[in-house]
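**Student:** the following block contains a protein sequence and its predicted model.
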Amino acid sequence: MRMPILLVGFVLAGCGPVASDPVCDEYILAVEAHDDATGADTDTTSFAAGGACWDNADNADLCEQACAAGLGWLERSSPGQATD
Amino acid sequence: MSTSPHLRLSLVLALCAPLVPVSSDAHLPATVEELARSRSVQGTFVTGDEVFTLAVHLEAGVALPVDVLVPPQSRWEGHRPALRLTGPGLPAEGYVDGNTREERPVVYENSTRRIAWSSGAVALPLGPGDYEVTVWSPEGTVGDFAVGLGVDDDPLRRELVRVGALVEGGAE
């Protein structure tokens, strides 16, 4: 009996909030550096802890990928501005 | 305990997914209201030489994930629409996603309860202003596609992002 309960709990966890990913923390820092360099003001609330990215596992998968690619974009488009 | 992304996706789909039928109006031009419940705007290449454009207005600067989505059906395995985003702060040629990744990630949209092949979302830091998304089919393939903007059920997107209808026309 315990196994099915554990399984249901595990699957339910996929529908609820998940922890933010370090790659998005890094992305936020890179955007802040980009903003400092360009005078822009970019809202990154979605990617921060508690943002929409971490409402569920599906959003989290999308955001982790988007943050990693976004870091690459920032590094290519503004060399020296993005964090390593 | 660690799980592979595919296993995690399967488990999530098993419980969170489709208890409602797929909308029958998926091929109609999307409106702002539709984007409010889904992060995607759907269209269809019928001849393969169409060029679609989508106007996007940002009320303020926001980091916005952008990608091109295709329903994961075997008949559309070779269907890889390309995307260009032009607007303030972007290079003259814009941001271009040729959708050439060897393995396309599979993503799941909570709001539309559909899975899709993604070109690979990239979070672009965009300033306020008017942008244009252009989508074309480099290989002339036909089939459904969608432009993905933002994250599902994101209050920030609803607040800052305004999207027009997907329009066929123009040249690439």
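**Tutor:** Cool, got the structure. It should be emphasised that the depicted structure is a prediction, and the values quoted were computed from it without experimental measurement.
**Student:** wait, what's in contact with the residue nearest the centre of chain A?
**Tutor:** Nearest to the geometric centre of chain A sits residue A:24, at 3.6 Å (C-alpha atoms, centre = their mean). Applying C-beta atoms under 8 Å, 6 or more residues apart in numbering or on different chains to residue A:24 gives the contacts A:47, A:48, A:53, A:63, A:64, A:67. No exception for glycine: its C-beta is placed from N, CA and C like everyone else's.
**Student:** next one: it from residue A:76, what distance?
**Tutor:** Look at residue A:24 and residue A:76: by C-beta to C-beta, to the nearest Å, they are 19 Å apart.
**Student:** and residue 71, what does it touch?
**Tutor:** I'll assume chain A. Taking C-beta under 8 Å, 6+ apart, one finds A:23, A:26, A:27, A:30, A:82 in contact with residue A:71.
**Student:** I was after chain B.
**Tutor:** Taking C-beta under 8 Å, 6+ apart, we find residue B:71 in contact with B:114, B:115, B:116, B:117, B:143, B:144.
**Student:** filter those down to the buried ones.
**Tutor:** B:114, B:115, B:116, B:117, B:143, B:144 (16 or more other C-beta atoms under 10 Å in any protein chain shown).
**Student:** what's the fifth one sitting at in phi/psi?
**Tutor:** For residue B:143, the backbone dihedrals (degrees, to the nearest 10) come out as phi 140, psi 180.
**Student:** what does chain A have sitting close to chain B?
**Tutor:** A:8, A:10-12, A:14-15, A:27, A:31, A:34-35, A:38, A:40-47, A:51-53, A:55-59, A:61-63, A:65-67, A:69-70, A:72-74, A:77 (C-beta under 8 Å from any C-beta of the partner chain).
**Student:** return the subset of these lying in helices.
**Tutor:** Judged by DSSP state H, the subset of the residues of chain A next to chain B located in helices is A:8, A:10-12, A:27, A:31, A:34-35, A:38, A:57-59, A:61-63, A:65-67, A:69-70, A:72-74, A:77.
**Student:** relative to residue B:76, how far out is residue B:104?
**Tutor:** 11 Å.
**Student:** find residues that contact each of the two.
**Tutor:** Each of residue B:70 lies in contact with both residue B:104 and residue B:76 under the rule C-beta under 8 Å, 6+ apart.
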